[in-house]
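In: Structure for this input, please:
(4 chains)
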There are 2 protein chains.
Amino acid sequence: MALGKDYATQQCSIARALEVVGERWTLLVIRDALYGVRRYNDFLVHLGIPRAVLAARLQTLTAEGILEKRRYQQSPPRDEYVLTARGIALWPTLRSLGLWGREHLTDVRLRTFRHADCGTELGPYGECPACGTVVPVEDVLMEPGPGLDPDPADPVSRAFLVPRRLLQPLETDQV
Amino acid sequence: MALGKDYATQQCSIARALEVVGERWTLLVIRDALYGVRRYNDFLVHLGIPRAVLAARLQTLTAEGILEKRRYQQSPPRDEYVLTARGIALWPTLRSLGLWGREHLTDVRLRTFRHADCGTELGPYGECPACGTVVPVEDVLMEPGPGLDPDPADPVSRAFLVPRRLLQPLETDQV
DNA sequence: CTTGTAAGTTCGGTCATTGAACCAAGGTCG
DNA sequence: CGACCTTGGTTCAATGACCGAACTTACAAG
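Out: Just a heads-up that it's a prediction; the model follows:
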């Protein structure tokens, strides 16, 4: 556990949140899940995470109600991990964290997020400045930016080179 | 480092951000800095963090330009750590993370954040719904909520039992 | 019946975190 | 003067987390 009992003494919802999502890799797993990744192997190749750590994180996130494990084929038995409402609710946090990283650290535009209905680029908190509304996560269009490697090694990164809606299931087989 | 070279291969500003602020304790140090904590000892007692880890985090955050070390008295020489603009820019991220934690994990209202000018409770991203503007961090009033321990052990937590503006320097000596 | 795939588990080595003890520069008290 | 206090650290041994590689299971395809 990232913080364990230490954070339990903290009377703060930020500390509580970090107990759940503050471990290494966890927020990146959730990010990938928002981008449409659902399968163990896709997380694995896209994140470059050790297998044991990925298995542990998926289990913790499932236990915390952020991901849901569901069988997507019977034979051979295969499960996928899908974000719950609780997990999807982390989108504004990840959006603002990514924006901070872009503005204060990288200075390169790697991805652009737009309101799919009107094409307007999202504001800092995931709202649409044109429509004046909070955009539902499934109506966010993720576009590749100029800073991205045009020929990445793994199939998941390749799938992200074309505009996609958030939460739209990734089908690496069909790529 | 939280993610080290592993994250460097990720073409993503979220991953870059987590390289800098994703290590254990780091976001809680920044949270405390936003709440007005500036001194080594105040961070220490309020967070319950090991001394060596605190020293390491303060150094990293200073090197990354998120905190600034400044001398606040000459004799004996004493330094304090103050947030830079880059550090203050993490407020929306911490605000949305805390809100997520409150809504999805704790269900108890530990603190309330208001626009100091008009008393309206802040919206999910730190904006003032009444004024329709983004509230500057120093104009955010932090109020204790009913879920807080009314008699905490450390003086920093005691200072937080009374409404305070964010970034207002904590003077534990005067409490 | 050999090979392949998806989703893991196991394991030895390395790296980070922890808590306790120690250090140092300068006060303050008697 | 000498003893103790405060602030802000450093050092160190023990524990725990993470890492990468190898192995496992369950099934399908050729």
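In: Would you tell me which helix is longest in chain A?
Out: If each helix of chain A is counted by residues according to DSSP state H, the longest one is helix A:51-63.
In: counting contacts, what elements does that helix pack onto?
Out: Applying 3 or more CB pairs under 8 Å, 6 or more residues apart in numbering or on different chains; DSSP states H and E, we find helix A:51-63 packed against helix A:26-35, helix A:40-47, strand A:67-73, strand A:78-83. (Glycine included, C-beta is placed from N, CA and C.)
In: Can you dump the C-alpha atoms of it in PDB for me?
Out: Listed next in PDB are the C-alpha coordinates belonging to helix A:51-63 (Å, rounded to 0.1, in the frame of the first residue of the first chain):
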ATOM      1  CA  ARG A  51       3.300  -8.400 -14.600                       C
ATOM      2  CA  ALA A  52       3.100  -9.000 -10.800                       C
ATOM      3  CA  VAL A  53       2.600  -5.300 -10.100                       C
ATOM      4  CA  LEU A  54      -0.100  -5.000 -12.800                       C
ATOM      5  CA  ALA A  55      -2.000  -8.000 -11.300                       C
ATOM      6  CA  ALA A  56      -1.800  -6.500  -7.800                       C
ATOM      7  CA  ARG A  57      -3.000  -3.000  -9.000                       C
ATOM      8  CA  LEU A  58      -5.900  -4.500 -11.000                       C
ATOM      9  CA  GLN A  59      -6.900  -6.500  -7.900                       C
ATOM     10  CA  THR A  60      -6.800  -3.500  -5.600                       C
ATOM     11  CA  LEU A  61      -8.700  -1.300  -8.000                       C
ATOM     12  CA  THR A  62     -11.300  -3.900  -8.400                       C
ATOM     13  CA  ALA A  63     -11.600  -4.300  -4.700                       C
END
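In: Off-centre distance for it?
Out: The chain centroid and the centroid of helix A:51-63 are separated by 15 Å under CA atoms, centre = their mean, to the nearest Å.
In: Mind listing what's buried along it?
Out: Judged by neighbour count (16 or more other CB atoms under 10 Å in any protein chain shown), helix A:51-63 contains these buried residues: A:54, A:57-58, A:60-61.
In: Look at residue A:164 and say how many residues are nearby.
Out: Here the count is done by other CB atoms under 10 Å in any protein chain shown, and residue A:164 has 17 residues near it.
In: can you give me phi and psi for it?
Out: Here the main-chain torsion angles of residue A:164 (degrees, to the nearest 10) amount to phi -140, psi 150.
In: got it, and residue A:104?
Out: Per-residue torsions, residue A:104: phi -110, psi -10 (degrees, to the nearest 10).
In: cool, residue A:135 as well?
Out: Here is the backbone geometry of residue A:135 (degrees, to the nearest 10): phi -80, psi 130.
In: Same check on the one 3 residues further on?
Out: Listed backbone geometry of residue A:138 is phi -70, psi -10, with angles given as degrees, to the nearest 10.
In: Spell out which residues sit in contact with it, please.
Out: Residue A:138 makes contact with A:165-168 under the criterion CB atoms under 8 Å, 6 or more residues apart in numbering or on different chains.
In: Can you tell me how far it is from DNA strand D?
Out: 30 Å (CB to the nearest atom of the strand, to the nearest Å).
In: Retrieve the pLDDT associated with that residue.
Out: Looking at residue A:138, its pLDDT is 97.
In: gap between it and residue B:129?
Out: Computed as CB to CB, to the nearest Å, the residue A:138 to residue B:129 distance reads 25 Å.
In: go on, residue A:133?
Out: In this structure, residue A:133 and residue B:129 are 14 Å apart, going by CB to CB.
In: hmm, who's touching stretch A:161-175?
Out: The set of residues that contact stretch A:161-175 without belonging to it, under CB under 8 Å, 6+ apart, is A:34-39, A:42, A:83, A:88, A:91, A:116, A:137-144, A:148, A:150, A:152, A:155-156, A:158-159.
In: so does stretch A:162-169 get close to DNA strand C?
Out: No. Stretch A:162-169 stays clear of DNA strand C (CB under 7 Å from any atom of the strand), getting no nearer than 12.3 Å.
In: Let's see that stretch as CSV, backbone CA atoms only.
Out: Written as CSV, here are the backbone C-alpha positions of stretch A:162-169 (Å, rounded to 0.1, in the frame of the first residue of the first chain):
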residue,chain,number,x,y,z
VAL,A,162,-5.9,8.1,-34.5
PRO,A,163,-8.6,10.2,-32.8
ARG,A,164,-10.7,8.2,-30.4
ARG,A,165,-13.4,8.8,-27.8
LEU,A,166,-12.5,8.2,-24.2
LEU,A,167,-13.8,4.9,-22.8
GLN,A,168,-14.3,3.5,-26.3
PRO,A,169,-13.1,-0.1,-25.9
